[in-house]
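Engineer: please work out how this folds:
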Amino acid sequence: MTLTDMLVPTYVQMLGALSAWLGKAGEQKPSGEAEALLLARLAPDMFPLSTQIRFACVQAQEGMARLRGEALPPSITVLLEEGRNAAERPGSLADARARIAETLAIVEAAAADMPDVDPEMPIAHALPQGMIFDLTAEQYVRDWTLPQFYFHVMAAYAILRAQGVALGKADYVAHMFAYLRPGTLPAQP
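Structural biologist: Have a look, this model is predicted:
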């Protein structure tokens, strides 16, 4: 399995799930309440839902660019700026779903002509605070981009659940139903 084979399906599946959760939130809550969800947080010192969504998109776009050995696209700067200011300008559920759709298009386009990635390729990952991590491509995927991506996706899921959106494990792993053996789905009560 290549690093690309690991990242692309993960990004596509989980971003698709995130978009579906936002769709459910819009269906389940009155309009004003649904839009207010974007400002919800799990803790006072944590970023709101709108930021979690944007930062999940950042991780996916950044992961693809770094594995391609390319400069980070301008869309990442836009997402980071929006995310850092999301408490003042959270946008709408439609905006959030559009960001996810844009990210999915970027990931799929990058994957379409992805060169072979050497797992030992060096990646210098710099953070805004000035810290720099020297990693191999394999370490970057395993120890940074996947955990960071899942952190933001899971935070978004937890915020939505905490705000009363009816989501369950099946919503989180909806992609698994493609592998379900026929006749093994339990009957609904």
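
Engineer: ok, F55 touching L49?
Structural biologist: No. Using C-beta atoms under 8 Å as the test, F55 is too far from L49 to be in contact (10.8 Å). Where you see a C-beta, it was placed from the backbone N, CA and C, and this is true even at glycine.

Engineer: okay, those two: which has more neighbours?
Structural biologist: Legend: neighbour count by other C-beta atoms under 10 Å for F55 and L49, higher for L49 (29 against 24).

Engineer: let me know the pLDDT of that one.
Structural biologist: On the pLDDT scale, L49 is placed at 97.

Engineer: please apply the same query to the one 5 residues further on.
Structural biologist: The per-residue pLDDT reported for R54 equals 96.

Engineer: in this protein, what helix or strand scores lowest on average pLDDT?
Structural biologist: When each helix and strand of the chain is scored by mean pLDDT, DSSP states H and E, helix 31-36 comes last, with a mean of 87.

Engineer: what packs against the particular helix or strand that has D134 in it?
Structural biologist: Assigned by DSSP states H and E, D134 belongs to strand 132-136. Under the contact criterion of 3 or more C-beta pairs under 8 Å, 6 or more residues apart in numbering; DSSP states H and E, strand 132-136 touches strand 122-126.

Engineer: residues of the strand it packs on that come out buried?
Structural biologist: For strand 122-126, burial by neighbour count (16 or more other C-beta atoms under 10 Å) applies to I123, H125.

Engineer: that older thread, may I have the least confident helix or strand of the chain as CSV, with CA atoms only?
Structural biologist: Included here for helix 31-36 are C-alpha records, laid out as CSV according to Å, rounded to 0.1, in the frame of the first residue of the first chain:
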residue,chain,number,x,y,z
SER,A,31,-32.4,27.5,10.2
GLY,A,32,-31.1,29.9,12.8
GLU,A,33,-30.1,27.1,15.2
ALA,A,34,-28.4,25.2,12.4
GLU,A,35,-26.2,28.2,11.4
ALA,A,36,-25.5,28.9,15.1
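
Engineer: can you map out the helices along this structure?
Structural biologist: Here the chain has its helices, by DSSP state H, at 3-28, 31-36, 49-68, 74-84, 93-112, 137-139, 146-162, 169-172.

Engineer: just checking, what packs against the last one?
Structural biologist: Going back to what we said before, that points to helix 169-172. Under the contact criterion of 3+ C-beta pairs under 8 Å, 6+ apart, helix 169-172 touches helix 3-28.

Engineer: quick one: the helix it packs on to helix 93-112, angle?
Structural biologist: Here helix 3-28 runs at an angle of 160 degrees relative to helix 93-112 (axes from the mean of the first three to the mean of the last three C-alpha atoms, to 10 degrees).

Engineer: how about helix 3-28: buried residues?
Structural biologist: Going by 16+ other C-beta under 10 Å, helix 3-28 has these buried residues: 3-4, 7-8, 10-12, 14-15, 17-19, 21-22, 24-26.
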